[in-house]
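Student: here's my sequence, what's the structure:
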Amino acid sequence: MSPISESRYRLYLMNQHSDTMNVSKMNVTLLKQELTKRGLPTDGFKRALVERLTQAIQQKQTKETKISNEAFHDVYARLEPQLKKVESLYEDCYRSAAL
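Tutor: This next block holds a predicted model:
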């Protein structure tokens, strides 16, 4: 694989799985590309770039988890009364069948 197509392939994989990719194994060029994509500074040594990108990925995952949890609680709160009705109907049917 040529160096250009290899770097494009790495970039493709990084874009597809940036949250699971081992950031410390990325080269400086890829680190800077990912930081630029996120609007973050690209100055400093590799160690600083790795730390900056890792923090950005973790913050994104935390935010997504929070949004997901909030959505779940919102939906559950709206559906809870209906769930109780279904449970009540199920218990009534079960009692009727037992007689």
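Student: centroid-nearest residue for this protein?
Tutor: Nearest to the mean C-alpha position of the chain, counting by CA atoms, centre = their mean, stands residue 61 at 4.4 Å.
Student: quick one: it from residue 67, how far?
Tutor: 11 Å (CB to CB, to the nearest Å). Glycine gets a C-beta too; all of them are placed from N, C-alpha and C.
Student: quick one: low-confidence parts of this protein?
Tutor: 1-21, 99 (pLDDT under 70).
Student: would you state the helices of it in chain order?
Tutor: 3-16, 28-37, 46-98 (DSSP state H).
Student: okay, those helices in JSON lines with distance to residue 22 next?
Tutor: Below are these laid out as JSON lines (distance: least, CB to CB, whole Å):
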{"stretch": "helix 3-16", "distance to residue 22": "10"}
{"stretch": "helix 28-37", "distance to residue 22": "12"}
{"stretch": "helix 46-98", "distance to residue 22": "10"}
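Student: out of the ones you listed, which one sits most buried?
Tutor: helix 28-37 (a mean of 17; mean count of other CB atoms under 10 Å).
Student: got the CA positions of that one in CSV?
Tutor: What follows is helix 28-37, C-alpha atoms only, in CSV (Å, rounded to 0.1, in the frame of the first residue of the first chain):
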residue,chain,number,x,y,z
VAL,A,28,1.3,13.4,14.7
THR,A,29,-0.3,14.2,11.3
LEU,A,30,-3.4,12.1,12.1
LEU,A,31,-3.6,13.6,15.6
LYS,A,32,-3.5,17.1,14.2
GLN,A,33,-6.1,16.3,11.5
GLU,A,34,-8.5,14.9,14.2
LEU,A,35,-7.9,17.9,16.5
THR,A,36,-8.5,20.3,13.6
LYS,A,37,-11.7,18.5,12.7
